[in-house]
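> Give me a model of this one.
(one chain, ligands or ions: 1)
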Amino acid sequence: MTALAEPVEVRPMATSALRPNRFSLDLYGDPAEEIRADGLLDSIRERGILVPLVAAPDGDGFELLSGHRRLACAKALGMESVPCEIRDVPRGASRRRAVLDYNRQRRKTFSQLMREADALEALLSPAARERRAANLKGADGADRRNSDDRSGRTDEAIARALGIGGKDLYRQARAVWRAAEAGDPRARSGVSQLDAGTKSVHAAYKDLRRRDRFTTGFRPTPYDVWAFRRDPAYGVPHPGSIPAAIVAHTLHYFTSPGALVVDPMAGGGTTLDVCEAMGRRCLAYDLSPVRPEIAQHDVRDGFPPEARECDLVFCDPPYHTMLAGPYAAFGVEAEPLSGWIRFLNTLARDAFAALRPGGHVALLLANQTEKDLPAGFGYVDHAFLGYAALMQTGFLPVRRISCPMDGSYLPQHVQRARAEGRLLGQVRDLIVMRKP
Ligand SMILES: C[S@@+](CC[C@H](N)C(=O)[O-])C[C@H]1O[C@@H](n2cnc3c(N)ncnc32)[C@H](O)[C@@H]1O
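Residues are numbered from 1 along each chain as shown. The predicted model follows:
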């Protein structure tokens with residue numbers, strides 16, 4: 001441990017003599033990018049630096065242990081010197097420990113906390129390993145030194161140091177963090193939401209765990225009404241995301257394991273994630289991709305060549321003028337209804353061309369009753385239009401499955417509809433057809 005409690009002299013130090021600490025930059029990022037956002041710059045401009053920086057002698061200069069943001073402000077304000085405490089902290093683990101200790105009170109994002117946790121693990125685990133090696137000769141006499149059992153004590157200590165509750169919550173946080181590091185897109189989305197403070201660790205962890213919903217113990221409904229709720233464990237947040245169970249049931253009833261599935265308007269990637277969970281291959285495209293596994297492609301240019309001979313095309317398009325706002329780049333919503341119908345016909349032809357004989361197309365379409373109806377229309381039956389487009393192309397009808405929208409109306413909408421004696425639309429159909 002560092003001798004941080006010992007009194008030391010505070011003296012002015014040239015800003016040019018202070019070198020940043022690499023470990024601190026790795027943990028908390030480059031302070032030059034955040035100083036404007038939190039008002040520190042204005043405060044230092046008005047009142048100067050009230051709390052001295054801390055540095056350790058380092059070769060011919062000094063390495064900063066605490067005060068990277070204050071130093072960045074001082075440099076931005078053209079200050080030549082700053083008040084600084086000099087502490088003789090040896091290089092290596094002691095300095096890393098000092099950086100962590102000095103930043104204990106700092107307000108941190110989830111990512112910063114987890115980088116701290118990684119650093120603490122590296123500092124604490126050699127001791128923990130030794131402890132385990134001594135203790136883990138089991139009652140049966142077996143030597144479990146190679147066991148990857150984690151030390152509860154280390155996790156407890158890290159959780160306490162981070163201030164994130166007990167070891168169980170820390171273990172959940174670490175599971176999300178590790179999955180995000182390994183590239184899991186939902187875990188990465190969870191981390192962004194944790195950083196923004198819009199999700200709890202427990203909720204992000206539950207999202208990860210729930211992913212085995214369609215693998216172990218999946219009991220598909222035998223009925224053709226698929227009234228499911230959205231499930232944040234699949235797909236990243238997206239304005240038009242659909243319940244994952246709709247995709248899971250489509251895969252279950254109309255594809256076999258290993259099948260090639262194409263989603264040309266993938267949105268948040270629900271299809272991608274469910275395919276992964278259920279052992280189907282998936283090619284996903286979108287005009288405005290939000291994940292790296294979704295390729296940028298405009299479906300109006302046809303299907304990409306790699307989609308040829310696929311087993312299932314799953315289409316969840318925006319419904320004409322509905323949701324035109326979130327999908328501003330979509331061209332069809334601005335067209336009259338005839339343009340939308342042309343789009344459906346082209347989509348049906350392209351899906352037909354991409355599918356292998358015997359393959360299926362699944363087209364999800366909701367009726368339009370509330371918003372942005374084309375002039376002269378009180379209601380547009382998009383499912384009917386989609387059905388007609390698929391039939392015209394030569395597909396054979398297989399099923400029309402009811403997938404009611406999951407309660408997207410606010411209480412005031414419901415109240416107004418009641419007062420006006422209007423029917424609110426919840427009808428959404430999945431039309432499944434087969435290429436002969
Ligand atoms: C209803 S959302 C799909 C939501 C998705 N099923 C999910 O669960 O997240 C429709 C998607 O179609 C995309 N899109 C709209 N026009 C497109 C086009 N011309 N080519 C490709 N994608 C398009 C939009 O960007 C949007 O992400």
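
> Quickly run through the sheet partners of whichever strand in the chain runs longest, with directions.
Longest strand of the chain, by residue count under DSSP state E: strand 355-366. Strand pairing for strand 355-366, determined by DSSP bridges: strand 310-315 (parallel), strand 428-434 (antiparallel).

> And that strand, what's buried?
355, 359-366 (16 or more other Cβ atoms under 10 Å). Any C-beta I mention is one placed from the backbone N, CA and C, and that applies to glycine too.

> Could you list the residues in contact with that strand?
242, 246, 250, 254-255, 309-317, 319, 322, 347-348, 351-352, 382-383, 385-386, 390, 395, 398, 403, 405, 425, 427-436 (Cβ atoms under 8 Å, 6 or more residues apart in numbering).

> Deepest in the core, which of the strands paired with strand 355-366 is it.
strand 310-315 (a mean of 25; mean count of other Cβ atoms under 10 Å).

> Just the helices from the protein, written as ranges.
Taking DSSP state H to define them, one finds helices in the chain at 22-28, 40-47, 68-76, 93-102, 110-135, 152-162, 167-181, 185-196, 201-209, 244-254, 270-278, 337-354, 382-393, 411-420.

> How about residue 431: what's its closest non-neighbour residue?
Excluding its sequence neighbours, the residue lying closest to residue 431 (Cβ to Cβ, 6 or more residues apart in numbering) is residue 363, at 4.8 Å.

> who's that neighbour bridged to?
Going by DSSP bridges, residue 363 forms beta bridges with residue 315, residue 431.

> Distance to the ligand and mean pLDDT for the strands paired with strand 355-366 - can I get that in CSV?
What follows is these, written out as CSV (distance: least, Cβ to the nearest ligand atom, whole Å; pLDDT from 0 to 100):
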stretch, distance to the ligand, mean pLDDT
strand 310-315, 8, 98
strand 428-434, 11, 97
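
> Residue 284: how many residues sit nearby?
Taking other Cβ atoms under 10 Å as the criterion, the count of residues near residue 284 is 24.

> Touching, it and residue 297? I think so.
No: applying Cβ atoms under 8 Å, one finds residue 284 not in contact with residue 297, separated by 9.4 Å.

> any shared contact partners between these two?
Counting by Cβ under 8 Å, 6+ apart, nothing touches both residue 284 and residue 297.

> Point me to the residue of the stretch 151-300 of the chain nearest the ligand.
residue 267 (2.4 Å; Cβ to the nearest ligand atom).

> Contacts only, for that residue.
Contact analysis of residue 267 by Cβ under 8 Å, 6+ apart lists 235, 238-241, 286, 290, 316.

> Of these, which pair is most distant in space?
290 and 316 (14.3 Å; Cβ to Cβ).

> Comparing those two, which shows the higher neighbour count?
Legend: neighbour count by other Cβ under 10 Å for residue 290 and residue 316, higher for residue 316 (24 against 16).

> where does that one fall, phi/psi-wise?
With angles defined as degrees, to the nearest 10, residue 316 sits at phi -130, psi 80.

> if we can go back for a sec, quick one: mean pLDDT over the longest strand of the chain.
For strand 355-366, the per-residue pLDDT values average out at 97.

> and that strand with the ligand, contact?
No: if you take Cβ under 6 Å from any ligand atom as the test, strand 355-366 misses the ligand, and the best it gets is 7.6 Å.

> Can I get that strand as CSV, trimmed to CA atoms?
What follows is strand 355-366, C-alpha atoms only, in CSV (Å, rounded to 0.1, in the frame of the first residue of the first chain):
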residue,chain,number,x,y,z
LEU,A,355,-34.7,-18.4,-52.1
ARG,A,356,-33.9,-22.0,-53.0
PRO,A,357,-36.9,-24.0,-54.2
GLY,A,358,-38.9,-25.0,-51.2
GLY,A,359,-37.6,-22.1,-49.1
HIS,A,360,-39.9,-19.8,-47.2
VAL,A,361,-40.5,-16.1,-47.0
ALA,A,362,-42.0,-14.6,-43.8
LEU,A,363,-43.3,-11.0,-44.2
LEU,A,364,-44.4,-9.2,-41.0
LEU,A,365,-46.9,-6.4,-41.6
ALA,A,366,-49.2,-4.4,-39.4
